[in-house]
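S.K.: Predicted structure and sequence below. I'll ask about it afterward.
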Amino acid sequence: MSDRHSPYNLFGLDLAETIGRVKLGWRQLLWSDSIGIHVRFCPPVQFANGDGRSGLDARIERHQTVTEAGQYLGWLVPEPEVLIRELTVPVDAEIYLDEIATSSVEANSPFDFERTAYGYRIADRSTHDLRVRVAMVSRDTAADQLRQAAENTHTDESGIELWASDGDSQIILRGFGESSRLQQYQKNLRGFMARTLIAMLGLTLVLSLPVLWVQQRAHQLTDLKADTQSRVGAVVATRGQLVRSQEMIDAAEALFESYVDYGPWLHAVASLTPDQVYFNRLGLEGKTLTVSGFAKNAADYQSVLAEAGLFAEVAAPSAFTRDERVGSERFTLTMSFKPAPAL
Amino acid sequence: MKLWSLVKPWLLSLPREARAVLLAIWAVSALLFFAWATALGSSAMGSAREISRVEPQIARLMGYELVVDEFERALEQSALTLRALSYPRTEGSQAGAKLQQSLRGFAEDAGLTVNGSQLLVAEDRSDSEEAFFELLSVDLSLQGMPSALDAFLDELRRSTPRLAVSKLDLVKPRRPRQRRGEPAYNPEILNVRMTVVGLREL
């Protein structure tokens, strides 16, 4: 359901009822006795013609007036002067309760509406319904009662609240001396909110202190690091050079480690080779040795080299062939160096 | 749970609208508190992380400051070691020529005859992406006695900057036809081809 003229129209959706319910909820929080806020923070009213009258009189003697003592004075209109009407309304209609009570007074008051003082209270609340009691009093009677209350309590009429009893409880009649008590209630609420806010700010500060300290420490350390870096810049550069220099040394040594010192190996081969063996060619590349030449018995020579324990994979890539011209076997042998630290 | 069991009946006894407003206030308050606590916590964690990162760095920098003399001594020592391993950067393109000249000198001193030599240059990238050195490689063609070769290899082993032989090929030369007036054929003479490598700083 949308109302184009509603002040709370959002993209065609009427939010007036939702906002009305939020306001009602807020009002219930502040005024409903079941919540406890009203009971805790609203100053009590003392009925001058009620059960607490003797106590009130004693205070009046000490403080001259009731308001000076911090008490709020109420006056109960006698029951014969009050018309009580009970209404049952659906819970959903609570947002219109003021209008319902007013129209009920208009419809049921025996006096002109303008000459009727009234008030209402929710007497009972069930899941679906509210029982509302509306109290109506003639304004002339109300004025008489106020005068009588003022005479009895020696106070100004404007400070006296008028109440009516419905049998179970009391109903405040609107438009009399209740405004100062309600202002005090709002003041008490504001004071409590301010104290709560200050306490929360204090708590926030206390909880934030360790974090602030850690942040401060981090900033200090960052500054100290920048200072130290600028002071030891030359040392850091020296260290960088040293690191690079060490890396270069490691790289160079690794490179030279990969090469074999051929001198001792040549000596080893020479000492292992019998006099009957002649070399034509001797090649060394990496860790591989290739020898070619003539031997009386090439297989024996191969065995000598293999059994020496200095070489691995001693092999003949081609067959030994006998050369009748020199009377020896032609051979080619390949082998690889074993790690031989003793050489 | 005990608190909730106390609060729940009270909450359910409230008028519907009051309950909704109260729950909304609680939810917004809880949300704000959670946002605040999260921001505070993340700020604290960030700062703590920064402290744990910066503190060791400061300690390390201060440590460097204390051992500056040792650093300088170690750097000098490293420079000497490096000089023993490679030609300095300052040699530039002269390093190859210098190496070739040294090798010819060693060979002649050892009693070998130098028939030829050729310089080959390549960057060494074998150990890391960063090239520290230029690999100087010299092919030598020599002739001489085994004892001279032995002396030449000894000389290479002792040389500074350090050198290494990557390839060695010994071949007995063919016996030439003897001509009148020529010196007698020495069967012990060898033809030697070898590749010697050295390094130059980049």
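M.R.: Looks like it arrived, so ask away.

S.K.: if you look at stretch A:93-107, does any of it touch chain B?
M.R.: Yes: contact between stretch A:93-107 and chain B, assessed by CB under 8 Å from any CB of the partner chain, occurs at A:E94. Placement of C-beta: from N, CA and C, glycine included.

S.K.: List the contacts of that stretch.
M.R.: A:17, A:20-21, A:23-24, A:85, A:87, A:89, A:113, A:116, A:118, A:120, A:122, A:130, A:132, A:134, A:136, B:15, B:17 (CB atoms under 8 Å, 6 or more residues apart in numbering or on different chains).

S.K.: Could you list the buried residues of that stretch?
M.R.: A:E94, A:I95, A:L97, A:I100, A:A101, A:S104, A:V105 (16 or more other CB atoms under 10 Å in any protein chain shown).

S.K.: So what's the gap between that stretch and the chain middle?
M.R.: Counting by CA atoms, centre = their mean, to the nearest Å, stretch A:93-107 is centred 46 Å from the centre of its parent chain.

S.K.: May I have that stretch exported as CSV, CA atoms only?
M.R.: Once side chains and other backbone atoms are set aside, the C-alpha atoms of stretch A:93-107 remain, and they are given as CSV (Å, rounded to 0.1, in the frame of the first residue of the first chain):
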residue,chain,number,x,y,z
ALA,A,93,-3.7,-0.3,16.4
GLU,A,94,-1.4,0.8,19.3
ILE,A,95,0.3,3.4,17.0
TYR,A,96,-3.0,5.2,16.8
LEU,A,97,-3.8,4.9,20.5
ASP,A,98,-3.8,8.6,21.2
GLU,A,99,-6.3,9.2,18.4
ILE,A,100,-8.5,6.2,19.6
ALA,A,101,-8.5,7.6,23.2
THR,A,102,-9.4,11.1,22.0
SER,A,103,-12.2,9.9,19.8
SER,A,104,-13.5,7.7,22.6
VAL,A,105,-13.5,10.8,24.9
GLU,A,106,-15.3,12.8,22.2
ALA,A,107,-17.9,10.0,21.8
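
S.K.: Quick check: mean pLDDT of that stretch?
M.R.: Rounded to a whole number, the mean pLDDT of stretch A:93-107 is 94.

S.K.: what do you get for stretch B:186-195?
M.R.: In this model, stretch B:186-195 has a mean pLDDT of 89.

S.K.: Endpoints of that stretch, how far apart?
M.R.: For stretch B:186-195, the separation between the terminal residues is 25 Å (CA to CA, to the nearest Å).

S.K.: hmm, back to that, tell me which entries of the contacts of stretch A:93-107 lie within helices.
M.R.: Using DSSP state H to define helices, the subset of the contacts of stretch A:93-107 located there is A:E17, A:G20, A:R21, A:K23, A:L24, B:E17.

S.K.: how many neighbours does the second one have?
M.R.: This means A:G20. The tally of other residues near A:G20 (other CB atoms under 10 Å in any protein chain shown) stands at 15.

S.K.: Just give the nearest non-adjacent residue to it, would you?
M.R.: Closest residue to A:G20 in three dimensions, ignoring its sequence neighbours and counting by CB to CB, 6 or more residues apart in numbering or on different chains: A:I95, at 4.4 Å.

S.K.: How about the secondary structure of the one you found?
M.R.: For A:I95, the secondary structure call by DSSP: H, G, I helix; E, B strand; the rest coil comes out as helix.

S.K.: For it, give its distance to A:R27.
M.R.: 9 Å (CB to CB, to the nearest Å).

S.K.: A:R217 contacts B:S47, correct?
M.R.: Yes: here A:R217 lies in contact with B:S47, judged by CB atoms under 8 Å, at a distance of 7.2 Å.

S.K.: more neighbours, these two?
M.R.: A count of neighbours by other CB under 10 Å puts B:S47 above the other of A:R217 and B:S47, at 21 against 16.

S.K.: The helix or strand harbouring that one: how far from the chain's middle?
M.R.: With the criterion set as DSSP states H and E, the secondary-structure element containing B:S47 is helix B:16-66. With CA atoms, centre = their mean as the basis, the distance from the averaged C-alpha position of helix B:16-66 to the chain average is 43 Å.

S.K.: Report all helices and strands that the helix or strand of chain B with the lowest mean pLDDT contacts.
M.R.: Within chain B, judged by mean pLDDT, DSSP states H and E, the helix or strand with the poorest mean is strand B:113-124; its value is a mean of 83. Packing contacts for strand B:113-124, counted by 3 or more CB pairs under 8 Å, 6 or more residues apart in numbering or on different chains; DSSP states H and E, involve helix B:94-110, strand B:133-144.

S.K.: Of all those, which one is nearest B:S5?
M.R.: Comparing the helices and strands packed on strand B:113-124 by their distance to B:S5 (CB to CB), the top pick is strand B:133-144, with 79.9 Å.

S.K.: hmm, which of the contacts of stretch A:93-107 are the buried ones?
M.R.: Using 16+ other CB under 10 Å as the burial test, these include A:21, A:24, A:85, A:87, A:89, A:116, A:118, A:120, A:122, A:130, A:132, A:134, A:136, B:15, B:17 as buried.

S.K.: taking these one by one, which sit in strands?
M.R.: Within the buried ones among the contacts of stretch A:93-107, membership in strands is found for A:R85, A:L87, A:V89, A:T116, A:Y118, A:Y120, A:I122, A:L130, A:V132, A:V134, A:M136, as judged by DSSP state E.

S.K.: what's the closest of those to A:R174?
M.R.: A:Y118 (6.9 Å).

S.K.: Test my guess that that closest one contacts A:G175.
M.R.: No: judged on CB under 8 Å, A:Y118 makes no contact with A:G175 at a distance of 9.1 Å.

S.K.: pLDDT score for B:L12?
M.R.: According to the per-residue confidence, B:L12 scores 86 in pLDDT.

S.K.: show me what contacts it?
M.R.: Applying CB under 8 Å, 6+ apart, the residues contacting B:L12 are B:R19.
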